[in-house]
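> Provided below are the primary sequence and the corresponding predicted coordinates.
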Amino acid sequence: MFRFPSLCRDSRGFTLVGLLVVIAIIGILAAVILSNAFKAIEKSKVAAAEADYRAIKAAVLSAYTDTGTWPPSSQQQGQDPGLVDKGNWKNGAQDTWNGSYLERWPGKNPWGGYYTYVNGIFEFLKPDSRGFR
């Protein structure tokens with residue numbers, strides 16, 4: 001009678017346990033890499049917001065030096081208070097306005113909120129479930 005060779009015992013390959021261990025290791029490495037990637041993304045957002053803040057601060061101080069008054073408040077969230085265009089300036093400040101002090105108003109911050117300038121205070125608004133804070 002013809003006998004089949006024992007394929008199951010002598011076959012070479014990966015065991016189920018070995019495959020599960022490799023998959024677990026890959027999962028752990030992926031979690032570590034993704035965690036570091038998200039931290040790097042957050043750091044880049046903070047750096048971008050700090051750069052925007054420094055540019056706006058320098059523009060506000062330059063506008064104050066030229067006009068002798070602080071820029072007017074933004075009319076709406078994320079709108080230029082008068083650092084790009086002198087349209088918001090009043091009471092003779094337009095005459096001494098030597099802008100544009102910024103190339104563009106940044107509008108939205110890296111987290112989706114707005115940069116807003118109100119009564120000499122620079123607000124960093126962040127969206128949340130109840131609107132903007």
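Yes, it's here.
> and stretch 23-43, which residues are buried?
Of all the residues in stretch 23-43, not one is buried under the rule 16 or more other CB atoms under 10 Å. Every C-beta, even on glycine, is put in place using the N, C-alpha and C of the backbone.
> for it, list the C-alpha coordinates in CSV.
Extracted in CSV, the C-alpha atoms of stretch 23-43 (Å, rounded to 0.1, in the frame of the first residue of the first chain):
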residue,chain,number,x,y,z
ILE,A,23,2.4,40.7,15.0
ALA,A,24,2.5,41.8,18.7
ILE,A,25,6.0,43.3,18.3
ILE,A,26,5.0,45.1,15.1
GLY,A,27,2.0,46.5,16.9
ILE,A,28,4.1,47.8,19.8
LEU,A,29,6.6,49.4,17.5
ALA,A,30,3.8,51.0,15.5
ALA,A,31,2.2,52.4,18.7
VAL,A,32,5.6,53.9,19.8
ILE,A,33,6.2,55.4,16.3
LEU,A,34,2.7,56.9,16.1
SER,A,35,3.0,58.3,19.5
ASN,A,36,6.2,60.1,18.6
ALA,A,37,4.8,61.3,15.3
PHE,A,38,1.8,62.9,17.1
LYS,A,39,4.1,64.6,19.6
ALA,A,40,6.2,66.0,16.7
ILE,A,41,3.0,67.2,15.0
GLU,A,42,1.9,69.0,18.2
LYS,A,43,5.4,70.5,18.6
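> relative to the whole chain's centre, how far out is that stretch?
Between the centre of stretch 23-43 and the centre of its chain there are 19 Å (CA atoms, centre = their mean, to the nearest Å).
> what's in contact with it?
The contact list for stretch 23-43 (CB atoms under 8 Å, 6 or more residues apart in numbering) is empty.
> next, count neighbours for the residue nearest to Lys45 when sequence neighbours are not counted.
Spatial nearest neighbour of Lys45, chain neighbours left out: Pro110 (3.7 Å); criterion: CB to CB, 6 or more residues apart in numbering. Pro110 has 15 neighbours, counted by other CB atoms under 10 Å.
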